[in-house]
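>>> let's see this in three dimensions:
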Amino acid sequence: MVMILEIVILVFIVYLLFLFVSMSSDKNDNMLSSYECGFDSVMGARLSFSYRFFLISILFLVFDVEITLLVPLPYVEMEMWQVYGLWWFMMVLFFGLLYEYFNGVLEWIEVENN
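Below you'll find the predicted structure:
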């Protein structure tokens, strides 16, 4: 057991020595900054955020969950009050979709009204 511990400590020390020897001493801005795919590390990341894309993705998630909840319903026996609750749920989502449509959230490119 002691021999295994000595080997582990020796391997750890050799690893640390190799790490310090192989490190380069010249540091530039790219090496000191975090890596983010698709973004320049010296620019602000806030410039590339699309608010419209965020809204459409949230709407997609809402309606994706709705479809997931509605798929098994033909196979379930429901009482009348459950059917009313289902219709209430669908009407709220439908009127929400109409509200988003008439406010122009679903338009990818803004259309200017003259």
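>>> what segments of this protein are helices?
Under the criterion DSSP state H, helices of the chain are mapped to 2-22, 29-32, 51-70, 80-102.
>>> flag the shaky bits of this protein, pLDDT-wise.
Within the chain, the stretches with pLDDT under 70 are 24-49, 110-114.
>>> I109 is nearest to which of the helices of the chain?
In terms of CB to CB, the element of these nearest to I109 is helix 51-70, at 8.6 Å. Where C-beta positions appear, they are placed from N, C-alpha and C, glycine not excepted.
>>> which parts of that closest one are buried?
For helix 51-70, the buried set under the neighbour-count rule, 16 or more other CB atoms under 10 Å, comprises I56.
>>> now the helices of the chain in JSON lines, with distance to I109?
Below are the helices of the chain laid out as JSON lines (distance: least, CB to CB, whole Å):
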{"stretch": "helix 2-22", "distance to I109": "51"}
{"stretch": "helix 29-32", "distance to I109": "35"}
{"stretch": "helix 51-70", "distance to I109": "9"}
{"stretch": "helix 80-102", "distance to I109": "15"}
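>>> quick check: the gap between I9 and L19.
With distances taken as CB to CB, to the nearest Å, I9 is found 15 Å from L19.
>>> same check, this time on L55
47 Å.
>>> go on, E107?
54 Å.
>>> check F95 too.
F95 is 61 Å from L19, where distance means CB to CB.
>>> now swap in V65 and tell me
The gap separating V65 from L19 is 48 Å, by CB to CB.
>>> how about W88?
Taking CB to CB, one finds W88 at 63 Å from L19.
>>> do the same with M90
Distance of M90 to L19, given as CB to CB: 60 Å.
>>> what does Y101 give?
The gap separating Y101 from L19 is 58 Å, by CB to CB.
>>> swap in V2?
To L19, V2 is 26 Å away according to CB to CB.
>>> what about those two, which has more around it?
A count of neighbours by other CB atoms under 10 Å puts L19 above the other of V2 and L19, at 9 against 6.
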